[in-house]
Each structure stands twice: as structure tokens, then as C-alpha cells.
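# This is a predicted model, with the sequence first.
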Amino acid sequence: MTPALEVRGLEKAYGSVRALRGVDLHVGPGELFGLLGPNGAGKSTLVKIACGLVRPSAGTAAVCGEPAGSPGAQRALGYLAELFRFPDWCSAEELLTLHQRLAGSAGGAAERAELLGLVELADVAGRRIGTMSKGMQQRLGIAQALVGSPRLLLLDEPTSALDPAGRRTVRELLEHLRERGVGVLLNSHLLSEIELVCDRVAIIDHGEVVAAGAPSELSRPGGVEVETNAGRRVFRDAGRDEAPRIVRDLVAAGEEVFGVRVLTSTLEDAYLEAVGR
Amino acid sequence: MRLALLVAGFALRESLRRRVFLVVGLLTAAFLALYGLGTWQVFKETDEFDGVSTAGVEPEIVAGATLAGLAMFAILFLGTILAVFLTLGAVRGDAERGLLQPVLVRPVPRRTLLFGRWLGAAGVCAGYVVLVALAAFVITERLGGWWPDRTLGPLLSLAAGVAIIAALSLAGSVVLAATANGIAVFMLFGAGLTAGLLGQIAEALGSETLDDVARVASWILPFEALYQAGLGELTADTVGFTRLAIDLGPFGGAQSGGPELWAWAVLYVVLVGLAATAAFGRRDL
């Protein structure tokens, strides 16, 4: 099956600054892919190349098999930039209508109503964008990115201005998109969010992929923690399979066991280790 | 073409909602009222020449042509302001504000976006200068009984002039920040007017060198050559001492550019458009 996004040997230099140094990655249809990395790592550059907004210095990027930036690729993707702005004089309804026309979507009023409903803005469809909060504008941005039923969604920090309820709405939306077979590249600093929703992640630092895999693969075992009448004890080298034996040994030694927990490092631990900070 | 019209229409809708046209309309009405007052006063004083020997010079024609020339100058300036402010931040300015990127990730070629923005701005400015110039001619005719020898030529030359300025401003917006672009285009406009004045001085002094400088400058900035051609058409059929008197005034001495000027104007816009498209295509957003 053609990947929603395929990037090979991607390089980008801005003068003497090398923003990307040979990045390879792919996002499959219906896959939620998280892109992590410190500020200036090259994440936004990668996303912009995929959108056709920035030209690569070397390497290739393809969206649903079409070269990034080509009309075919643009028709297949939806994008929400980190620093975006919409015309403040028009309404949410007018903005989506404009994007439907630009994208050649035949969805009409039904699509607009569905999208505004998905991001919980149905009741402010006629309101001027300039009077909306930043969070509402960000949700509108997600609705705008979904115009024309894209097969790849590129979201650059899509929840930075959202409250916890808004973030949950976006998480649920992303899971809904996965069921519909939409590939999503999610660029975010919110590691807990990435860990919750993404199937795979790549950690980028200094323009290179320094770690990649499923969140569970990036996490390492952290031992087994047992709570007994003698207090809390941690068996650092033990894994999940050894927990029953540890409990048996402790009981045999006369200790009372109240709780057992298998410890793993978090994605945050893996991230900090990967970027060396 | 559908996408270009969509882009043009959206830009025009923005101008409407932001009340740009309302402000322009009100100020233009004030300008026309002032022009009318001036025209009424000038022709009233011209009437006092009745019965006085004017050595073959017809004062009404000199007054009418000079007033219409003044109106054309002012209208070109107003049209230039409109063209510049509708386009000065169209590319780099909008990209820096994050307005352009959501549009360009749609299947909209960059050249189409540029063409649409130019179409919208040039259409509005051309329509504006034609309507206002026509209104000025009507005022001159009603209050002084004078109508230009040619009507279409001056109107078209003004329309083409502001369309060229819109193209220059739009091209500038690809590489320059909005403020720098606005300054650059107004300086070009000033340079063009200076070239035109140089041409008049050259004619009065009979200086071939100065005339060559003015001619080359006018062709490098063809909105000025078009304006001069339009001025020339105002009194295309006027001859004798009356013509001489007009030529000695600030809006006389104008020369027709001929058909090659129109061909060059079209080619100029195409070349500016191609240069802007090439620069925009290389630009990372």
C-alpha cells in the first residue's frame, strides 16, 4: 500500500545552517505518527517540505506517491501550521467555503457542518474569526485542514493553545481519523499526548532521526516495584516475567505483599536520553 | 483561471469588508467636489477674457485641457495609492503573518495566486481611475463646456498605468517586506513623474540629451509614458497658438507613445509577472 508520506534522504540547508541531514521516514495510511524533537531540530522544516512550502536541498518527499508540492500531493493533504493565521474579517463558514473551493471539494454545506461539528464549533459557524479565542481558531484550523477529506494530515503543534477538554477532543478526532485510514504526522512537544495517541514516533535532533519506533519500543524496563509490610522495594534488573517469582520469594521469606508494579521508562525519559539532555 | 478569479474575488471581498472602498469612495467624492470648485472658479475667470484679444489662443480650451491634465495627474496618484496598498504585503507580508501558507498547501500554483492577486488589484484600480477620470471630464464639460479631443485614450492609459503599478508592487511584495515595498514603489512612481517633467523641460530647452534621458526613463517605467500619452490625447486635435499655450503649461508637452507603447506595456506586465513568479517559486515559506 502506498505510504501516506514517504521521506528519503531529506536534506535542507538555509545558508550554512543544515536544518535536515538525511531524514528517512514513512507514515502509513491510518497511522498516527509523532514527530518529536527540541526547538530548532528540523521538525517544522520537514513538515513544510512535505507541504510543498519549502524546497528540499536534497532527497525526496512524496505524499500518497506524488512528489511533495505537486498538485496531486496538495490534493491529498491537509495542513495546520504552528504559526497560522486566518483572515480575521471572515467567518468560520466562509473560511471553510474558501478552502473547499481551493481544494476542489464537492462536500458543500454538509461537509462544512460535519467538520465544524467535529471540532465543536458548529454553534459559532457565522462568527467572525477575529472574535474567536486562540483555542477556537486552532480547532477551526484543524477543521480547515480536514477539508476535502485528505489522506494525509500534517499537524504542527495542533494543541498548543487548547485547554484539556480541547486536547481530548483533538485526541478523539485523531483516533477517528485513524479508523478512516487517514495518515497523520503529528508534530508536538506534548510527549504525554504523543504517547497516548501515536502508533510510532521519531525523535529528531540537529536535523537527524536519533530514535524511532513505537512508544512502547522506545521505553525501557525500569524494574519491578513491590510494596510489602517492610516498605517499598525496587528490583531494578527484573522484568515483567520475573514478578511472580519475586512475589513468591518474598512471601516465602515471611513478608506480606500489598502491591506489585512493573516499571518502564516513559517516552519523556526516552526522548531526553535520545537528544542527550 | 477559476482559481485566479477565486483568489481575486476573495481579495476584493476582504477590501469590501475592511471598508477600503467606502473610505476610497468618500475621499474621492471630496476630491471631485474640490475639482469641481476649482473648475467652476477657473472657467468663471476665463469668461472675463471675453472681448479681450488673446492673440489666437482660446482660453476655454487652455483652461479645460490644463484642468483635465491636473485631474489625470491626481487620479493617477490616487490609483497608485490604491494599487500599492492593495498589494504591498500580498506575498512576503502575508507569509510572515501566516496567512499565505494555508492557501498555498491547497492545489493552487503560486503563479495562479500571483495572477489572481494582480487581477483583483488591477481590476479595481483600473475601474477606479476610469470612473473618476470620466467624472472629472463630465465636471469639466458641465462647468466649462470643454470635453477632451479623445476620451478613450486617456482613460485607457490611466487604467493601464495603474495596472502596471499594481504589477510592480505585487512583484516587490515577493522580495520586500511591506513597508520597504511601499516605499520602493512610491519612489519608482516619483522617478517616473520626474522623468516626465524632464521631458517637458527638454522640449522647452530643445535639449536632445535631456530628452533621451526622459524618453528612456519613461519606457523603463511605462506607466509614466502611458500617462504622457494620455495627456497628449486630451488635446490631440488642438492646433495653433492654443496648442502652444497648452504645451507651455505643466500638463502640456506630452507626446503620444504610439501602438508600440501599448505593446510594450503588455510585454512589461508579462515580464514583471514572470520575474515575480520565478522569485516566488524559489521562495521558502
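Nice, I can see it. Numbering: from 1, shown residues only, chains lettered A, B, ... in the order given.

# what residues does the stretch 151-285 of chain B put near chain A?
Taking C-beta under 8 Å from any C-beta of the partner chain as the contact definition, the stretch 151-285 of chain B meets chain A at B:Arg282, B:Asp284, B:Leu285. The way it works is simple: take the backbone N, C-alpha and C, and place the C-beta from them, glycine included.

# Now render these as CSV, adding pLDDT and secondary structure.
Listed next are these as CSV, based on pLDDT from 0 to 100; DSSP: H, G, I helix; E, B strand; the rest coil:
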residue, pLDDT, secondary structure
B:Arg282, 91, helix
B:Asp284, 92, coil
B:Leu285, 89, coil
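
# mind giving me JSON lines with these and columns for neighbour count?
JSON lines is the format used below for those (neighbours: other C-beta atoms under 10 Å in any protein chain shown):
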{"residue": "B:Arg282", "neighbour count": "10"}
{"residue": "B:Asp284", "neighbour count": "12"}
{"residue": "B:Leu285", "neighbour count": "21"}
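
# Closest to B:Leu5 out of the residues you listed?
For those, the minimum distance to B:Leu5 (C-beta to C-beta) is 23.1 Å, reached by B:Leu285.

# so is the closest residue to that closest one other than its chain neighbours in a helix, a strand, or just coil?
Distance criterion C-beta to C-beta, 6 or more residues apart in numbering or on different chains; nearest residue to B:Leu285, sequence neighbours excluded, is A:Leu53 at 4.3 Å. Following DSSP: H, G, I helix; E, B strand; the rest coil, the label given to A:Leu53 is coil.

# could you point out where the stretch 1-150 of chain B is predicted with low confidence?
Along the stretch 1-150 of chain B, segments meeting pLDDT under 70 span B:49-55.

# make it 50
Along the stretch 1-150 of chain B, segments meeting pLDDT under 50 are nowhere present.

# and it, which residues reach chain A?
B:3, B:6, B:10, B:13-14, B:17-18, B:97-99, B:101-109.

# all helices for the stretch 151-277 of chain A, in order.
A:164-179, A:191-197, A:215-218, A:243-252, A:267-274 (DSSP state H, counting those that start in this stretch).

# From the contact counts, what lies against the second one?
Here helix A:191-197 is seen to pack against strand A:32-36, helix A:164-179, helix A:267-274 when contacts are counted using 3 or more C-beta pairs under 8 Å, 6 or more residues apart in numbering or on different chains; DSSP states H and E.

# Would you map the strands across the stretch 51-200 of chain A?
A:58-63, A:66-67, A:77-80, A:152-156, A:183-187, A:200-205 (DSSP state E, counting those that start in this stretch).

# Quick check: neighbours of the fifth one in the sheet, parallel or antiparallel?
Paired with strand A:183-187 in the same sheet, following DSSP bridges, are strand A:32-36 (parallel), strand A:152-156 (parallel).

# what comes into contact with the first one?
When you say that, I think you mean strand A:32-36. A:5, A:25, A:27, A:43, A:46-47, A:174-175, A:177-178, A:183-189, A:191, A:194, A:197-204, A:215, A:271 (C-beta atoms under 8 Å, 6 or more residues apart in numbering or on different chains).

# Could you list the contact residues of chain A toward chain B?
Going by C-beta under 8 Å from any C-beta, the residues of chain A near chain B are A:14, A:48, A:51-55, A:71, A:74-75, A:77-81, A:83-87, A:89-90, A:98-99, A:101-104, A:141, A:144.

# hmm, which of these are the buried ones?
Neighbour-count burial (16 or more other C-beta atoms under 10 Å in any protein chain shown) applied to the residues of chain A next to chain B gives A:48, A:51-54, A:74-75, A:77-81, A:84-87, A:89-90, A:98-99, A:101-103, A:141, A:144.

# In CSV: the helices of the stretch 151-277 of chain A, plus mean pLDDT.
What follows is these, written out as CSV (pLDDT from 0 to 100):
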stretch, mean pLDDT
helix A:164-179, 86
helix A:191-197, 83
helix A:215-218, 81
helix A:243-252, 91
helix A:267-274, 79
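
# okay if I get those helices as TSV plus mean neighbour count?
Listed next are the helices of the stretch 151-277 of chain A as TSV, based on neighbours: other C-beta under 10 Å:
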stretch	mean neighbour count
helix A:164-179	15
helix A:191-197	19
helix A:215-218	16
helix A:243-252	13
helix A:267-274	18
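
# Which among those helices is found nearest to B:Thr87?
Among the helices of the stretch 151-277 of chain A, the nearest to B:Thr87 by C-beta to C-beta is helix A:164-179 (36.7 Å).

# Please name every helix or strand in contact with that closest one.
Packed next to helix A:164-179, using 3+ C-beta pairs under 8 Å, 6+ apart, are strand A:32-36, helix A:134-145, strand A:183-187, helix A:191-197.

# circling back: among the residues of the stretch 1-150 of chain B next to chain A, which are located in helices?
B:Leu3, B:Leu6, B:Phe10, B:Arg13, B:Glu14, B:Arg17, B:Gln101, B:Pro102, B:Val103, B:Leu104 (DSSP state H).
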